[in-house]
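> quick check, what structure comes out for this input:
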Amino acid sequence: MKTLVFAIAALTFAVVSTSGCAPDTSSTPKAGAAMPSSVVDPYLKISSALASDSLDGVRANAGDLATAATALGAPAMKIDTSALQVASATEIEDAREKFARLSDAIVAYMDGLKLTLPDDVRVAVCPMKQKPWLQEGSDIKNPYYGSSMLTCGDFR
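Residues are numbered from 1 along each chain as shown. Next up is the predicted model:
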């Protein structure tokens, strides 16, 4: 019996050791590349809806973003997980809290890989939440507070 247990343990170790190597990064953008539009476009739609105090399209766009993040491989796992959490939100405040985690994940991914944003997209920061978000245009539209504090924030 001890021999059988030892053989199973050794086989399990061999399988885990060979299959659990480095995370898949074959789809990860190279340093200096553009942040994929498959991530940026649905993210901006979520941000815009939340800034307008709406959940319209948030779930669908979060699902699209999760799919796009999955295609980017293991380094984008936090984006994928956070997007799925946003997709599960049924109330605006819950969506905003989950959006904050998604924003952190996207900005960390982008900064870590030194990716660039489209020309009209910048990183903004909410001083109240101390959280970033990606924003199109030059006018602040805070997704964390919507109409109650729409212009609160600064571009970094």
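> what's the following helix or strand after the top helix by length along the chain?
What stands out as the longest helix in the chain, according to DSSP state H, is helix 92-113. For helix 92-113, the succeeding helix or strand toward the C-terminus, using DSSP states H and E, is strand 121-126.
> who does that next one pair up with?
Here strand 121-126 has these sheet partners by DSSP bridges: strand 131-136 (antiparallel), strand 154-155 (antiparallel).
> follow-up on the earlier one: counting by contacts, list what the longest helix of the chain packs against.
helix 37-51, helix 58-71, helix 77-87, strand 131-136 (3 or more C-beta pairs under 8 Å, 6 or more residues apart in numbering; DSSP states H and E). Quick note: C-beta positions are derived from backbone N, CA and C, even for glycine.
> nearest to residue 150, out of the ones you listed?
Evaluated with C-beta to C-beta, these place helix 37-51 nearest to residue 150, the distance being 6.5 Å.
> quick check: angle from that closest one to helix 77-87?
40 degrees (axes from the mean of the first three to the mean of the last three C-alpha atoms, to 10 degrees).
> how far is stretch 127-136 from where the chain is centred?
When distances are taken as C-alpha atoms, centre = their mean, to the nearest Å, stretch 127-136 is centred 14 Å away from the chain's centroid.
> list the buried residues in that stretch.
129, 131, 132, 133, 134, 135 (16 or more other C-beta atoms under 10 Å).
> end to end, how far does it reach?
Terminal residues of stretch 127-136 are spaced 18 Å apart (C-alpha to C-alpha, to the nearest Å).
> tell me how far the ends of stretch 138-152 are from each other?
End-to-end distance (C-alpha to C-alpha), stretch 138-152: 13 Å.
> great, nothing more from me.
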